[in-house]
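Participant: Predicted coordinates and the sequence they were generated for:
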Amino acid sequence: MGSNRLRVLVFGAGAIGCLYAAILSSLGCQVSIVGRRKVVEAAKSRGLTVKGEIDLKSEIWDAAENPLSLRVRRGFDIILLTVKAYDVAEASRQIREAIEPDGAMVVCLQNGLGVEEEASENLGEGFHVIRGVSFCGAYMEEDAVVRCTGIGETVVGYVRVEALNQLVELLAGGGFPARLEKSVESMVWEKTLVNAGINPFGALTGLRNGELLEVEGLPEAIARTIREGIHVASRLGVRLLRDPVSETFETIRATAQNYNSMLQDIWRGKRTEIDYINGAIVRLGSKVRVRTPLNSLLTSLVKGLEGRFR
């Protein structure tokens, strides 16, 4: 890196993207963002604001709706890819066309499985793709204003690259738990299995997380859905470090009052990430000859619901 100041591009200025952009800017990074026009205009005029679990007001070095419109399009140390999973391929193509690689590390912070492969395929040579997992919670309260509902750990795949070390050290030193992890694949699978057990059931029933435990038969169905995914992971050689079934029910109890993100996407008439969660379990299961009937059914039902409300 040319200087000690980390240059970061956050591609995808939704809630999580804006949260990380605001945090990293407050920690001294030179942060640029790419996102929707209204968010970009608001960020340019008044910066990014975070409320809730943390309170921040941060200035952004640059912001654009299209990466070709950034003032400087080279020299980034880190590119945080924070778009939805289904937008990773298109975002990666835009990055390839607009940004000089310069050895930049592209950190994928999506929910679900397979996004890093899509990013690598569409970025081409010169970019280094690594997977990350964020356990932070946030939603957009208004343009460029984020409501942080929880500061959890940020885990990034272990690579001997100074920019990644600096990113993790900055976050951790600023009071935001972060670390490099050799077993990041296990954590991606564990988070995906938790989401597979909560999100579609909430989306289909319209219930808060905690209410799912009160419906006869649903806890058992949730557990069976997750166990299908555990079987697929096992066949693929993924070693899970924690029990995703127990983790799911702990998460449900800890977020009992929440309407999950997939249900909120349905309400907003937006596409969900079902293809990268339960749908990915189905696709990978077919490759290793593991039957996944519940995940298959849930995927079809949620996609049907998407079609109705979009």
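Facilitator: That came through fine.
Participant: doesn't residue 63 fall inside a strand?
Facilitator: Yes: with DSSP: H, G, I helix; E, B strand; the rest coil as the criterion, residue 63 is assigned to a strand.
Participant: Okay, and the most centrally placed residue in the chain sits in which element?
Facilitator: Nearest to the mean C-alpha position of the chain, by C-alpha atoms, centre = their mean, lies residue 110 at 2.7 Å. According to DSSP states H and E, residue 110 maps onto no helix or strand at all.
Participant: Nearest residue to it in space, please, no chain neighbours.
Facilitator: Nearest non-adjacent residue to residue 110, counting by C-beta to C-beta, 6 or more residues apart in numbering: residue 85, 4.3 Å away. From N, CA and C alone the C-beta is placed, and that goes for glycine too.
Participant: can you check residue 94 too?
Facilitator: residue 67 (5.5 Å).
Participant: neighbours around that neighbour, how many?
Facilitator: Residue 67 sits with 19 neighbouring residues when counted by other C-beta atoms under 10 Å.
Participant: Could you verify my assumption that it touches residue 96?
Facilitator: No: assessed by C-beta atoms under 8 Å, residue 67 is found out of contact with residue 96, at 9.8 Å.
Participant: quick one: pLDDT of residue 10?
Facilitator: The score at residue 10 is 98. That number is its pLDDT.
Participant: ah, wrong one, I meant residue 144
Facilitator: For residue 144, the model assigns a pLDDT of 95.
Participant: Who are the contact partners of it?
Facilitator: Residues near residue 144 by C-beta atoms under 8 Å, 6 or more residues apart in numbering: 18, 39, 42, 43, 46, 47, 48, 49.
Participant: Am I right that residue 107 sits in a strand?
Facilitator: Yes: assessed with three-state DSSP, residue 107 lies in a strand.
Participant: Pull the number of nearby residues for it.
Facilitator: Neighbours around residue 107, by other C-beta under 10 Å: 26.
Participant: Give me the domain ranges for the chain.
Facilitator: Using automatic domain parsing, the domains assigned to the chain come out as 7-182, 185-309.
Participant: Check the offset of the last one from the chain's centre.
Facilitator: Mean C-alpha position of domain 185-309 versus that of the full chain (C-alpha atoms, centre = their mean, to the nearest Å) differs by 15 Å.
Participant: just the helices in the stretch 101-250 of the chain please.
Facilitator: Under the criterion DSSP state H, counting those that start in this stretch, helices of the stretch 101-250 of the chain are mapped to 115-123, 162-173, 184-205, 218-235, 244-254.
Participant: by contact count, what packs against the first one?
Facilitator: Translated: helix 115-123. Under the contact criterion of 3 or more C-beta pairs under 8 Å, 6 or more residues apart in numbering; DSSP states H and E, helix 115-123 touches helix 88-98, strand 105-108, strand 128-134.
Participant: One more pass at 10 Å, please.
Facilitator: Packing partners of helix 115-123 (3 or more C-beta pairs under 10 Å, 6 or more residues apart in numbering; DSSP states H and E): strand 78-81, helix 88-98, strand 105-108, strand 128-134, helix 184-205.
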